[in-house]
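**Q** Output the structure for:
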Amino acid sequence: MIQSRRVRAAIALGIGCLGIAAAPVPLGTLTVQVGNVRNSTGIVHVDICPENQFLKDDCPYVGNAPAHAGITTVVIHNLPAGHYAAQIFHDENRNKKVDRALFGIPREGVGFSNDARISFGPPKWADAKFSFNGEAQTIGLKTRYFMGASGPAAR
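**A** Reported below is the predicted structural model:
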């Protein structure tokens with residue numbers, strides 16, 4: 001009798017767990033069209049960040065593509081649906097970081113989704129955020145340069 005109650009409870013618990021299972025989050029492809037790339041030196045690096053990782057170096061979704069003067073296309077695969085902000089930089093010297101000058105001014109091109117304004121510091125999350133529904137989507141943004149050429153040819 002006690003054992004049959006345990007079996008019935010285990011079965012009920014198992015069925016209950018099946019009934020509340022969360023639906024899978026759709027994964028999709030985000031294409032980022034990065035405009036205003038000044039030359040074909042280096043790579044264009046794209047980070048796709050949730051709010052708690054925006055403006056940090058550890059964003060979970062990353063893509064790179066060889067730089068092309070004008071527009072460079074970077075594709076991010078397996079991105080879950082959600083709210084994100086894109087932050088990019090033109091890594092002209094391929095050292096995997098944004099080189100900075102005095103007062104932290106970027107020597108290499110940078111940009112953010114929605115072409116969020118950069119004035120006296122980085123943009124706010126609210127200005128850069130966008131929604132991704134898990135289906136194929138394309139966003140565009142422009143690279144901004146605050147200093148002259150910084151690639152190997154400039155040194």
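
**Q** what are the ranges of the strands in the protein?
**A** With DSSP state E, the ranges of strands along the chain come out as 27-37, 43-49, 61-66, 70-80, 82-91, 110-112, 129-132, 137-142.

**Q** Please dump those into CSV; it should also carry mean pLDDT and distance to Ile118 for every row.
**A** From N, CA and C alone the C-beta is placed, and that goes for glycine too. Written out in CSV, the entries for the strands of the chain read as follows (pLDDT from 0 to 100; distance: least, CB to CB, whole Å):
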stretch, mean pLDDT, distance to Ile118
strand 27-37, 98, 13
strand 43-49, 98, 16
strand 61-66, 98, 21
strand 70-80, 98, 19
strand 82-91, 98, 11
strand 110-112, 98, 7
strand 129-132, 98, 16
strand 137-142, 98, 11
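
**Q** So for Phe120, which of the ones you listed sits nearest?
**A** For the strands of the chain, proximity to Phe120 was assessed by CB to CB; strand 110-112 is nearest, at 14.4 Å.

**Q** what packs against the closest one?
**A** Helices and strands touching strand 110-112, by 3 or more CB pairs under 8 Å, 6 or more residues apart in numbering; DSSP states H and E, are strand 82-91, strand 137-142.

**Q** 10 Å instead, please
**A** Other elements packing on strand 110-112 under the criterion 3 or more CB pairs under 10 Å, 6 or more residues apart in numbering; DSSP states H and E are strand 27-37, strand 82-91, helix 125-128, strand 137-142.

**Q** What pairs with the last one, parallel or antiparallel?
**A** Looking back up the chat, that one is strand 137-142. Strand pairing for strand 137-142, using DSSP bridges, gives strand 27-37 (parallel).
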